[in-house]
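Chemist: I need the structure of the sequence given here:
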Amino acid sequence: MTYNPKVHFIPAKPPKREKRVGIYCRVSTNDAEQLNSLAVQVSALTRLTASTPQWLLVDVYMDIASSKTGSSRKEFARMLDDCKSKKLEIIITKSISRFGRDTVETLEALRLMRDIGVRVIFEQESLDTADTDSELMISIVESFAQAENESRSDNIKWGLKQKAASGTSKLYDRKCYGYNHDEDGRLIINKAEAENVRKIFKWYLDGKSILGVIKELEKLCIKSPTGKEKWPKRTIDVLLSNEKYTGNVRLFDSEKREVQYLSEDNHPAIISNETFQAVQMEKKKRSNVNKSKEGSKRKSKKYKAVNL
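Modeler: A predicted model of the protein is given here:
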């Protein structure tokens, strides 16, 4: 073509962005690694949207929610509302495991979006509901994603058990009334609270009931662990059964409570092991329930406390 200075060439107009797109991302916790993963998801999917000429990014939906059923996903719900109100035509997400927490939830959401004409694209699996005829493929992939989540959960449980067995679990140093944490997260004695703990054990061994112990605490204006004037009976009962005051910590398997891990001399003791065992025997003696192989039966006579 011959150059003509009188002719001004006008570049072609870029294609009009017509398809309204929403990006959905989810991570399970708000720790630094997961938040970085969230940022990476958003960045990658934003670039993907920008590289497609006819796509217009309308909104980004980000949830920090566990994969366990029941955890809140407000942004997911907002996205569904925007789909229903025709604000979105396409949803892009990293993977099926990020989109739904289980097979049922994922398929319910996909059926809803299919019915209202919203297209869903799973970037990692290269799945697009616009050209996927059968839900079977999505169901199979989602099953793999759910299996991956369950495997990850099992690995976490295994890791917790290994830490418990090796004595490195942070659960050994979980704080309770009578203790504070030092700079390294280890338990150290809170002198004022520890003195109250000793008083509670002594009063109980002296014959006072739990209500009697509470009255003594109120006389001395000693506030509960939560800062209240009134001590709940349950708080005293749990405190009297807490082996941690001897300096030992026992961890149980959360499911069967069969496997246990005992860390002796884990931290400074507030009471002696002898005092603790004496209180456990006293509690058993005062209980109005007899336990045997045949089951539990109530005693005919209740324990009568002294010095109420």
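Chemist: all contacts plus neighbour counts: C-alpha atoms, from now on.
Modeler: Noted.
Chemist: Now for Ser95: which residues touch it?
Modeler: When contacts are counted by CA atoms under 8 Å, 6 or more residues apart in numbering, Ser95 touches Phe122, Glu123, Gln124, Glu125.
Chemist: switch to 6 Å and redo it
Modeler: Ser95 makes contact with Phe122, Gln124 under the criterion CA atoms under 6 Å, 6 or more residues apart in numbering.
Chemist: For the protein, give me the ranges with low pLDDT.
Modeler: Residues of the chain meeting the criterion pLDDT under 70: 1-17, 65-71, 132-169, 252-259, 288-308.
Chemist: mind listing the helices for it?
Modeler: Along the chain, counting by DSSP state H, helices occupy 32-50, 74-84, 96-99, 103-115, 135-166, 191-205, 210-219, 233-240, 273-286.
Chemist: and Lys94, how many neighbours?
Modeler: Residues lying near Lys94 (other CA atoms under 10 Å) number 21.
Chemist: Sorry, slip of the keys, the one I care about is Lys228.
Modeler: Neighbour count of Lys228, defined by other CA under 10 Å: 10.
Chemist: same check, this time on Ile271
Modeler: Considering only other CA under 10 Å, Ile271 is surrounded by 19 other residues.
Chemist: mind listing what it touches?
Modeler: Contact analysis of Ile271 by CA under 6 Å, 6+ apart lists Tyr245, Thr246.
Chemist: Arg198 versus that one, what's the distance?
Modeler: Distance of Ile271 to Arg198, given as CA to CA, to the nearest Å: 7 Å.
Chemist: and if you look at Lys215?
Modeler: Counting by CA to CA - Lys215 and Arg198 are separated by 16 Å.
Chemist: what does Val249 give?
Modeler: According to CA to CA, Val249 stands 18 Å off from Arg198.
Chemist: Give me the more crowded residue out of these two.
Modeler: Counted by other CA under 10 Å, Val249 and Arg198 do not tie: Val249 has more neighbours, with 20 against 16.
Chemist: Next, work out how far apart that one and Ile270 are.
Modeler: Distance, Val249 to Ile270, using CA to CA: 13 Å.
Chemist: and if you look at Asp206?
Modeler: Counting by CA to CA, the gap from Asp206 to Ile270 is 18 Å.
Chemist: Please say which of those two ends up with more neighbours.
Modeler: More crowded of Asp206 and Ile270, by other CA under 10 Å: Ile270, with 20 against 12.
Chemist: tally of neighbours for Glu218?
Modeler: Close neighbours of Glu218, defined as other CA under 10 Å, add up to 15.
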